[in-house]
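K.L.:
I'll drop the sequence and a predicted model, then ask my questions.
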Amino acid sequence: MDNSISLENPSLSRRQLLNFLTGATVAVTAGAALYPAGKFLIAPGEKTGVGGAILSKDILGKQIPASQILAEAPGTRALVAGLVGEPTYLIVKEDHTLDRIGLVDNCTHLGCTFPWNPLDQQFQCPCHGSRYAPDGTVVRGPAPLPLKIVQVTVMDNSILISPWKETDPRTGKKPWWV
């Protein structure tokens, strides 16, 4: 008796072939539909420079040239989108350059954003009454900590904002946000 398998029977039946083709068609169609949806829902990666530096941007995500902010009067606090999109104040100094320290516009009490009050020369949180000096130190609570700071650098009419990792110059201690 011969126990060998006949070579005349195909290894793939017609039903298996049609099931494979149907599954492949559904997979390609679903992939083609999900790819644009995924690109829309997942934010693109931010290009960063040395030390995690990013370019400052406006509220619409367009790069802000340094000349635009430096055209403002000395003492101006310009609000830009900084690291991770956090609102950040850049300060124009008397010699029409940017201060190397930027202040992140998030109250250390509950994370509110707040305006600069030029009349009182303070940042004033409208939610719970915290007040900050021009350098971001707490003048009046309930905020327990000074504002987070970032490093600001100007290169070729571009403003680079990078995380502050050095000793906090206001307190002389390691930054609380590192």
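P.N.:
Happy to help now that I have it. Keep in mind that what you see is a predicted model, and the values were worked out from it rather than measured.

K.L.:
element containing residue 172?
P.N.:
Using DSSP states H and E, residue 172 sits within no helix or strand.

K.L.:
Could you do residue 24 as well?
P.N.:
Taking DSSP H and E as the criterion, residue 24 maps to helix 14-41.

K.L.:
lowest-confidence helix or strand of the chain?
P.N.:
Sorted by mean pLDDT, DSSP states H and E, the helices and strands of the chain end with strand 54-55, the least confident at a mean of 79.

K.L.:
List the pairing partners of that one within its sheet, with orientation.
P.N.:
Strand 54-55 has the following strand partners under DSSP bridges: strand 158-163 (antiparallel).

K.L.:
What is the three-state secondary structure of residue 136?
P.N.:
Under DSSP: H, G, I helix; E, B strand; the rest coil, residue 136 falls in the coil class.

K.L.:
In contact with the residue found closest to it once you drop the neighbours it is linked to in the chain, which residues are there?
P.N.:
Leaving aside its sequence neighbours, residue 136 sits nearest to residue 147 (CB to CB, 6 or more residues apart in numbering; 3.4 Å). Heads up, the C-betas are built off the backbone N, CA and C, glycines and all. Residue 147 sits next to 103-106, 108, 123, 132, 136-137 when contact means CB atoms under 8 Å, 6 or more residues apart in numbering.

K.L.:
Quick check: the residue nearest the centre of the chain vs residue 41, distance?
P.N.:
In the chain, the residue lying closest to the centroid (CA atoms, centre = their mean) is residue 84, at 1.5 Å. To residue 41, residue 84 is 18 Å away according to CB to CB, to the nearest Å.

K.L.:
Equivalent analysis for residue 159, please.
P.N.:
Relative to residue 41, and taking CB to CB, residue 159 is found at 29 Å.

K.L.:
In terms of neighbours, single out the busier of these two.
P.N.:
Shown here are residue 159 and residue 41; by other CB atoms under 10 Å, residue 159 has more neighbours (27 against 7).

K.L.:
and the closest residue to the more buried one other than its chain neighbours, how many neighbours?
P.N.:
Excluding its sequence neighbours, the residue lying closest to residue 159 (CB to CB, 6+ apart) is residue 56, at 4.0 Å. Using other CB under 10 Å, the number of residues around residue 56 comes to 25.

K.L.:
can you check the one 3 residues further on too?
P.N.:
The burial count assigned to residue 59 is 10, neighbours taken as other CB under 10 Å.

K.L.:
Kindly report the same for residue 163.
P.N.:
Residues lying near residue 163 (other CB under 10 Å) number 18.

K.L.:
Give the residue spans of the protein that score low on pLDDT.
P.N.:
1-10, 43-51 (pLDDT under 70).

K.L.:
Good, wrapping up.
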